[in-house]
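Peer 1: What follows is a protein structure lacking sequence information:
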């Protein structure tokens with residue numbers, strides 16, 4: 001016999017059977033005179049699971065949260081719990097072959113009392129855990145006002161998510177009823193769900209997302225025509241956009257002008273290394289410099305040739321992030337440690353900031369990274385073997401994703417580069433994933449060892465020995481920087497239902513030792529961490545600065561650099577805005 005059960009209502013129906021309306025006192029029907037609107041009606045099983053999930057949302061994750069972030073995580077997690085509770089109750093009733101039973105008034109009173117007590121306890125515990133994380137990272141102020149508003153944010157988010165789910169269910173039921181005119185009820189139900197899911201996906205991805213991306217692109221493209229305060233046109237052809245450059249200043253974009261308009265000169269470098277230095281070369285192609293990634297890369301190589309970059313000792317190819325940003329901490333360090341006998345080249349592939357590009361411009365990052373490196377490598381490989389500069393690769397965040405795109409694996413990196421420094425790689429990076437998941441037995445996910453560290457190594461603290469200690473590291477050195485508290489490194493959709501190894505390993509120095517993985521909950525906590533991953537002090541989260549000093553010193557292996565020079569350089573890099 002075909003049966004169908006109401007998930008959230010005061011009744012259940014069995015085909016061909018009349019069921020009276022829900023009685024006063026049902027879980028979803030308050031007594032007459034106190035009737036709530038339908039959008040404020042909830043089931044008791046769903047409410048209990050929502051309460052449990054809400055309490056778990058206060059447990060710590062990687063970064064300290066502000067009040068708004070906590071409210072959003074609280075609301076979304078509770079809404080997921082509510083949906084699971086309703087769904088689980090419906091399945092249980094289906095197996096028990098019985099209709100919905102009204103919740104007794106005392107059951108709701110018990111729930112309300114428990115909810116008040118548990119939420120107060122976990123809210124207080126949450127603030128205690130957050131204070132511990134802030135202490136580990138230092139320099140993060142406690143904002144009482146935002147914490148106070150987090151319950152309001154949580155309620156609004158919870159209602160929005162639940163009502164959205166109910167709206168989709170209403171659409172599904174309407175579609176199923178319409179389809180029953182032409183096909184059987186089971187087929188109508190299946191096709192109805194597929195139709196609603198497909199339409200929802202098309203609306204979100206094809207209308208809302210595309211519209212938001214277009215609007216953001218328009219807004220940031222306008223900003224790209226301006227120049228940051230304190231940045232001026234270079235008076236030398238050794239900088240793109242400068243006097244005699246092949247690439248006009250006004251085509252470089254905001255980030256390109258910042259990159260070529262700032263940075264150390266020969267005198268700055270001499271002051272640090274205490275010996276004569278060269279004027280560093282910086283080449284850059286903006287989106288407006290040429291039409292398309294291939295043309296930009298070709299123009300950037302022409303600029304390098306024009307500047308004499310292939311006669312320098314060290315040449316660095318950087319894949320930028322988002323709107324074309326190159327971390328000055330990395331670029332400046334590379335130039336200081338190489339004594340200015342260097343050239344750095346990068347190019348812009350988007351107008352959007354890094355976090356939006358992270359979502360929608362991954363293919364552009366891959367294309368830009370591959371086109372630029374291949375163009376540079378093609379010109380580099382034409383030079384006599386003894387007259388080529390050492391070729392290095394660098395990138396941060398989404399830039400590591402693009403930087404990896406030019407290589408097929410460890411041997412390719414080893415054979416075509418002298419080394420690489422890749423910071424804060426997203427969890428979905430192809431090579432990063434390959435190296436991490438193929439790590440040697442017994443090495444942790446937070447600091448993996450890949451094939452005895454012969455080429456590729458990982459560190460969460462570049463000032464200490466990089467594992468595996470005692471193993472030779474000859475030839476090309478590829479180094480990944482990854483903070484234990486960097487959510488970009490650890491976020492993955494798999495966090496929803498699969499426990500990653502890093503959650504059960506000994507945590508790094510800036511991560512609470514008590515954190516653990518929970519299905520659904522941990523995913524939304526780390527997702528929330530993404531929104532302010534770069535808003536924490538240097539050395540934590542997704543903020544990489546002084547780490548580059550020790551990283552490039554390890555990969556470049558410069559001569560004549562003393563520990564005192566490295567200390568001075570760390571202070572110099574730490575002061576970069």
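Peer 2: All right, it came through fine. It should be emphasised that the depicted structure is a prediction, and the values quoted were computed from it without experimental measurement.

Peer 1: Please count neighbours and contacts with C-alpha atoms only from this point.
Peer 2: Fine.

Peer 1: Tell me how far residue 563 lies from residue 549.
Peer 2: 11 Å (C-alpha to C-alpha, to the nearest Å).

Peer 1: I meant to write residue 536 there.
Peer 2: Distance from residue 536 to residue 549, by C-alpha to C-alpha: 19 Å.

Peer 1: same thing with residue 330?
Peer 2: Distance from residue 330 to residue 549, by C-alpha to C-alpha: 8 Å.

Peer 1: and what of residue 119?
Peer 2: 45 Å.

Peer 1: before we move on, the earlier item: residue 563 and residue 549: which has the busier surroundings?
Peer 2: A direct count of neighbours by other C-alpha atoms under 10 Å for residue 563 and residue 549 places residue 549 higher, at 23 against 9.

Peer 1: which helices and strands sit right next to the one helix or strand the more buried one maps to?
Peer 2: Applying DSSP states H and E as the criterion places residue 549 in helix 547-556. Other helices and strands packing on helix 547-556, by 3 or more C-alpha pairs under 8 Å, 6 or more residues apart in numbering; DSSP states H and E, are helix 328-337, strand 419-423, strand 477-481, helix 563-574.

Peer 1: Let me see the ranges of the helices in the stretch 451-577 of the chain.
Peer 2: Assigned by DSSP state H, counting those that start in this stretch, the helices in the stretch 451-577 of the chain fall at 487-490, 521-530, 547-556, 563-574.

Peer 1: what's the most buried one of these?
Peer 2: helix 487-490 (a mean of 26; mean count of other C-alpha atoms under 10 Å).

Peer 1: That helix packs against which elements?
Peer 2: helix 521-530.

Peer 1: what does the helix it packs on contact?
Peer 2: 53, 56-57, 61-63, 65, 69, 72-73, 76-77, 487-488, 491-493, 495-496 (C-alpha atoms under 8 Å, 6 or more residues apart in numbering).

Peer 1: Separate out the buried members of those.
Peer 2: Neighbour counting with 16 or more other C-alpha atoms under 10 Å marks 53, 56-57, 61-63, 65, 69, 72-73, 76-77, 487-488, 491-492, 495 as buried within the contacts of helix 521-530.

Peer 1: In strands only, show me those residues.
Peer 2: Judged by DSSP state E, strands contain none of the buried ones among the contacts of helix 521-530.

Peer 1: Now, those residues that are in helices?
Peer 2: 53, 56, 69, 72-73, 76-77, 487-488 (DSSP state H).

Peer 1: follow-up on the earlier one: and the helix holding residue 549, average pLDDT?
Peer 2: Helix 547-556 carries an average pLDDT of 97.

Peer 1: Which single one of the ones in helices among the buried ones among the contacts of helix 521-530 is nearest to residue 344?
Peer 2: residue 488 (25.5 Å; C-alpha to C-alpha).

Peer 1: With adjacent residues omitted, what lies nearest to that closest one?
Peer 2: Sequence neighbours aside, residue 426 is the residue nearest to residue 488 in space, at 5.1 Å (criterion: C-alpha to C-alpha, 6 or more residues apart in numbering).

Peer 1: Geometrically speaking, which residue is the centre of this structure?
Peer 2: residue 488 (3.7 Å; C-alpha atoms, centre = their mean).

Peer 1: Format the helices and strands packed on helix 547-556 as TSV; extra columns: mean pLDDT and distance to residue 511.
Peer 2: Listed next are the helices and strands packed on helix 547-556 as TSV, based on pLDDT from 0 to 100; distance: least, C-alpha to C-alpha, whole Å:
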stretch	mean pLDDT	distance to residue 511
helix 328-337	98	24
strand 419-423	98	18
strand 477-481	98	16
helix 563-574	96	22
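
Peer 1: can you tell me which of the ones you listed comes nearest to residue 374?
Peer 2: Among the helices and strands packed on helix 547-556, the nearest to residue 374 by C-alpha to C-alpha is strand 419-423 (15.4 Å).

Peer 1: which residues are in contact with that closest one?
Peer 2: Taking C-alpha under 8 Å, 6+ apart as the rule, strand 419-423 contacts 391-397, 400, 413, 476-482, 544, 551-552, 555-556.

Peer 1: Against which helices or strands is the helix or strand following that strand packed?
Peer 2: Per DSSP H and E, the first helix or strand lying C-terminal to strand 419-423 is helix 430-437. If you count contacts as 3+ C-alpha pairs under 8 Å, 6+ apart, helix 430-437 packs onto helix 398-404.

Peer 1: Which elements pack onto the helix it packs on?
Peer 2: Against helix 398-404 (3+ C-alpha pairs under 8 Å, 6+ apart) you get strand 314-319, helix 354-360, helix 362-381, strand 390-396, helix 430-437.

Peer 1: what are the ranges of the strands in the stretch 201-350 of the chain?
Peer 2: For the stretch 201-350 of the chain, strands defined by DSSP state E, counting those that start in this stretch occupy the ranges 281-285, 314-319, 342-347.

Peer 1: Including mean neighbour count and mean pLDDT, could these go into CSV?
Peer 2: Compiled in CSV, the strands of the stretch 201-350 of the chain are given as follows (neighbours: other C-alpha atoms under 10 Å; pLDDT from 0 to 100):
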stretch, mean neighbour count, mean pLDDT
strand 281-285, 29, 98
strand 314-319, 27, 98
strand 342-347, 28, 98
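
Peer 1: Which one, of the ones you listed, ends up nearest to residue 456?
Peer 2: Across the strands of the stretch 201-350 of the chain, closest to residue 456 is strand 314-319 (C-alpha to C-alpha), at 17.9 Å.

Peer 1: That closest one: how far from the chain's middle?
Peer 2: Centroid separation for strand 314-319 versus its chain: 24 Å, with C-alpha atoms, centre = their mean, to the nearest Å.

Peer 1: Pairing partners for that strand, with directions?
Peer 2: Strands that pair with strand 314-319, judged by DSSP bridges, come out as strand 342-347 (parallel), strand 390-396 (parallel).

Peer 1: quick one: contacts of that strand?
Peer 2: With C-alpha under 8 Å, 6+ apart, strand 314-319 has contacts from 309, 326, 338, 341-347, 365, 368-369, 372-373, 376, 389-396, 399-400, 402-403.

Peer 1: Save the helices and strands packed on helix 547-556 as TSV, and put in distance to residue 183 too.
Peer 2: Shown next, in TSV, are the helices and strands packed on helix 547-556 (distance: least, C-alpha to C-alpha, whole Å):
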stretch	distance to residue 183
helix 328-337	63
strand 419-423	56
strand 477-481	57
helix 563-574	68
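
Peer 1: Poorly predicted segments of the stretch 101-250 of the chain, please.
Peer 2: 205-212, 217-218 (pLDDT under 70).

Peer 1: any idea how far residue 250 is from residue 216?
Peer 2: Counting by C-alpha to C-alpha, the gap from residue 250 to residue 216 is 21 Å.

Peer 1: what do you get for residue 274?
Peer 2: 47 Å.

Peer 1: quick one, which of those two is more surrounded?
Peer 2: Counted by other C-alpha under 10 Å, residue 274 and residue 216 do not tie: residue 216 has more neighbours, with 15 against 12.

Peer 1: So that one is in contact with residue 353, correct?
Peer 2: No - at 9.2 Å, residue 216 and residue 353 do not qualify as touching, with contact defined as C-alpha atoms under 8 Å.

Peer 1: picking that back up, nearest to residue 197, of the strands paired with strand 314-319?
Peer 2: Ranked by C-alpha to C-alpha, the member of the strands paired with strand 314-319 that lies closest to residue 197 is strand 390-396, at 35.8 Å.

Peer 1: got the angle for that closest one vs strand 477-481?
Peer 2: Strand 390-396 and strand 477-481 meet at an angle of 10 degrees, taking axes from the mean of the first three to the mean of the last three C-alpha atoms, to 10 degrees as the criterion.
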